[in-house]
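# sequence and computational prediction follow.
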Amino acid sequence: MASSAQSGGAGGGGTMTSNPRVWIVAGIAVSGVIVLAEAARRRRRWLRGKSSAPPDAGAFCDRFELSPPPQPPPPAAPHLLSGLTFAASDNFEIEGYVAGFGNPDWKMTHEAPRHTAVTVTMLLKQGGTCIGRTVMDELGFGVTGENLHCGTPTNPASPSLVPGGSCSGAAVAVAAQLANFALGTDTIGDVRIPASFCGLISFRPSYGVVSTLGTIPNSQSLDTIGWFARDPSVLHRVGEALLPATAGGLKQRRQFVFADDCFQLLKVSNQKTVHAIKNAVQTLPEYQPPKHINIGQYLYSNVPSLKEFCEPATKLQEGMSALKALSTVMLLLQRYEFKASHENWVNTVKPKLGLDISTRVLRAVNFAHDNIKSLYAIRNELRAVLKNLLKDTGILVLPTTAGYPLKRNSKERLSSGFEDRMYKFVGIAALSGCCEVTIPLANLDHHVSLSFVAAHGSDKSLLRTILDTYSLIQEQVVLASKLATAPVTNGDLDVDVDVDASELLKEKGNSAFKRRQWSKAVQFYSEAISLSDTNATYYCNRAAAYLELGSFKQAEADCDRALLLDRKNVKAYLRRGFAREVTLNYKEALQDFQHALALEPQNKRALAAERRLLKLLK
């Protein structure tokens, strides 16, 4: 029995070894198990990837809610910021929550504050709801928005690009519509740069106008509280809540001053940018005509202490040398003041920092300069010089940044040229302490963000200006973005004419004419002529507007030009005839109406005018 059983067992083994089909089936089974296991592993990995994707675009490092006090009962007006939510950067102190200043070592070595930052408290009292604190570059350094510990918040305007820093999370929270507005601190562009990269509006108030009490400083004489918004009305409402009543609220005839040398530093064409703003300004009757300036040369000539930091330069390069010196002084002042505030902590804790931030912090902690007083002297001189240039009505217009930001997770660093140009732009307001609004012009062929700088203390007036002009500027930008260059031949001369744009301007003129806005119509027709001066219709239409304004000589001149371009333009004959009749040039007027009748024998206006003039000439 035993032997039989053993034999049977042996025989079964032999059958399996000799039967290839069994091995095939077994192989298929094992393969199936492997495939299923691999599929399950990949699915788990995919799910982990999905679950590890940063919530809220990676904008927040602390989530909480601070509610405002109850609304006052009617008939009292609701709070100014009622219904609006906001976030604050990670250097704003919130009672009961330890601020991280963008670095976990900072958070571990500090305690929760007993009080909330003054600005946050003011916004809560005005009806705003604080929904959390946002990621920032470590210790307030850096311009890309990348954080070794928290990751890089996702730029909603351009997900493949960095959001800009240092207040990256605050900008992303607003751009991703997670909050209506957000607070940050602007030292050397920390609000303006991410606003530009994320396509937002931002405001940097005049130095000292908004309290920084309850924020962790980076550089105390450069730090200001700034804020982001998607809508100029929200930007303005936050200003009403935070700015004192004396902060430049008078409405006067403003004037835009274009910093031409700064626009020339851009690596993209700036013609459409300047063109759009000039168009917007020219349609505002309460604004003075814009003017242009070489701001670098102006500063070189008027800020004597700056020459100590200027590199040797030819006469033509003095302006660029002055702007470079300005940014150098700004960075030196930042390093000196950061060292004064945080040197002991850095040397004691030795925090883990990202490579770029570590380099900046070491430069600050190891900073030494023989004459600190000269840095502050330049600051004071610069503020006085800009006050003299801009007074109470001027607004300096310049680019905010120098071109496209880096791609996310790029191994490259910002080029020294890019950073150099950017610091030249942001340094003017940072070092002088002037107020500045940044607005996006994303509809242009190249993403451009513009800055508007007003004299120190003109904060409310600047915000009011942007509120009044923002939609018009964007309208003009859309128009500028549609510029299409097409060759138009006039005799033997080939010229490039912006045909689409001039037609759009003509239609705007027609619309203004129908609304009886004769002066606006003239402005639109004039702009169309500036783009295409070989179109008789534009001159003829402007002549009609001039007639309504009683500008008969201008109307006659426009008709002359229209008829030079188109000898069969009946409307030009009729309008010139009317202009001549009103100015008592009856013979010439009669000839015009008869020319019109030769082209259109049944034209009722020409027939009536001919009869009227024949009686007058008897």
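Structure's in. What do you need? Numbering: from 1, shown residues only.
# next structured bit after the helix or strand harbouring K324?
Assignment of secondary structure by DSSP states H and E places K324 within helix 318-349. Taking DSSP H and E as the definition, the helix or strand that follows helix 318-349 towards the C-terminus is helix 355-365.
# which elements pack onto that next one?
With contacts defined as 3 or more C-beta pairs under 8 Å, 6 or more residues apart in numbering; DSSP states H and E, the packing partners of helix 355-365 are helix 318-349. Quick note: C-beta positions are derived from backbone N, CA and C, even for glycine.
# which residues does stretch 337-357 contact?
Surrounding stretch 337-357, the residues in contact under the criterion C-beta atoms under 8 Å, 6 or more residues apart in numbering are 103-106, 109, 137-139, 141-142, 144, 146-149, 217-222, 361, 364-365, 367, 413.
# which of the residues in the helix holding K324 are buried?
Of all the residues in helix 318-349, those buried under the rule 16 or more other C-beta atoms under 10 Å are 318-339, 342, 345-346.
# cool, stretch 367-377 as well?
By neighbour count on 16+ other C-beta under 10 Å, the buried set for stretch 367-377 is 367, 374-375, 377.
# hey, C-alpha coordinates of the helix or strand where F524 lies in CSV?
Using DSSP H and E, F524 falls within helix 518-531. Once non-C-alpha atoms are left out, helix 518-531 reads as follows in CSV (Å, rounded to 0.1, in the frame of the first residue of the first chain):
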residue,chain,number,x,y,z
TRP,A,518,-17.9,115.2,-30.2
SER,A,519,-14.5,115.7,-28.5
LYS,A,520,-14.1,112.0,-27.8
ALA,A,521,-15.1,111.3,-31.4
VAL,A,522,-12.4,113.7,-32.6
GLN,A,523,-9.8,111.9,-30.4
PHE,A,524,-10.7,108.5,-31.7
TYR,A,525,-10.7,109.6,-35.4
SER,A,526,-7.3,111.3,-34.8
GLU,A,527,-5.9,108.1,-33.4
ALA,A,528,-7.2,106.2,-36.4
ILE,A,529,-5.5,108.8,-38.7
SER,A,530,-2.2,108.4,-36.8
LEU,A,531,-2.3,104.7,-37.7
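# which helices and strands does that helix pack with?
Other elements packing on helix 518-531 under the criterion 3+ C-beta pairs under 8 Å, 6+ apart are helix 271-282, helix 499-514, helix 536-549.
# restrict the second one to CA atoms and write it as CSV.
Think helix 499-514. Written as CSV, here are the backbone C-alpha positions of helix 499-514 (Å, rounded to 0.1, in the frame of the first residue of the first chain):
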residue,chain,number,x,y,z
VAL,A,499,-5.4,98.4,-40.4
ASP,A,500,-7.5,96.5,-37.9
ALA,A,501,-6.7,98.9,-35.1
SER,A,502,-7.5,102.0,-37.1
GLU,A,503,-10.9,100.5,-38.1
LEU,A,504,-11.7,99.7,-34.5
LEU,A,505,-10.8,103.3,-33.6
LYS,A,506,-13.0,104.6,-36.3
GLU,A,507,-15.9,102.6,-34.9
LYS,A,508,-15.2,104.0,-31.5
GLY,A,509,-15.3,107.4,-33.0
ASN,A,510,-18.6,106.6,-34.7
SER,A,511,-20.0,105.4,-31.4
ALA,A,512,-18.9,108.5,-29.5
PHE,A,513,-20.4,110.6,-32.3
LYS,A,514,-23.8,108.9,-32.0
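# can we start the residue count at 102 from this point?
Done: numbering now begins at 102, and the last item shifts to helix 600-615.
# tell me the mean pLDDT over it?
When pLDDT is averaged along helix 600-615, the result is 80.
# on that earlier part again, tilt between the helix holding K425 and helix 456-466?
Helix 419-450 runs at 90 degrees relative to helix 456-466, counting by axes from the mean of the first three to the mean of the last three C-alpha atoms, to 10 degrees.
# surely I473 and V430 touch.
No - at 11.1 Å, I473 does not count as touching V430 under the criterion of C-beta atoms under 8 Å.
# give me the neighbour count for the closest residue to G201 other than its chain neighbours.
Counting by C-beta to C-beta, 6 or more residues apart in numbering, the nearest residue to G201 once its immediate chain neighbours are dropped is K208, at 4.0 Å. The burial count assigned to K208 is 17, neighbours taken as other C-beta atoms under 10 Å.
# what sits against K208?
199-202.
# that one and E166, how far apart?
In this view, K208 and E166 are 20 Å apart by C-beta to C-beta, to the nearest Å.
# what segments of the chain are strands?
161-167, 186-190, 230-235, 282-287, 302-305, 325-330, 356-360, 392-394, 495-500, 536-542, 549-555, 586-591, 594-599 (DSSP state E).
# let me see the confidence value for F357.
At F357, the pLDDT recorded in the model is 90.
# tally up the residues packed near the closest residue to it other than its chain neighbours, please.
Sequence neighbours aside, P391 is the residue nearest to F357 in space, at 4.3 Å (criterion: C-beta to C-beta, 6+ apart). Look at P391: counted by other C-beta under 10 Å, it has 18 neighbours.
# does P391 touch D361 like I think?
No - when contacts are counted by C-beta under 8 Å, P391 is not listed as touching D361 (11.2 Å).
# could you list the domains of this structure?
Per the record, the chain has its domains at 154-344+368-584, 617-718, by the TED database.
# redo the ones you listed as JSON lines? Include distance to K609.
Conversion of the domains of the chain to JSON lines gives the following (distance: least, C-beta to C-beta, whole Å):
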{"stretch": "domain 154-344+368-584", "distance to K609": "8"}
{"stretch": "domain 617-718", "distance to K609": "4"}
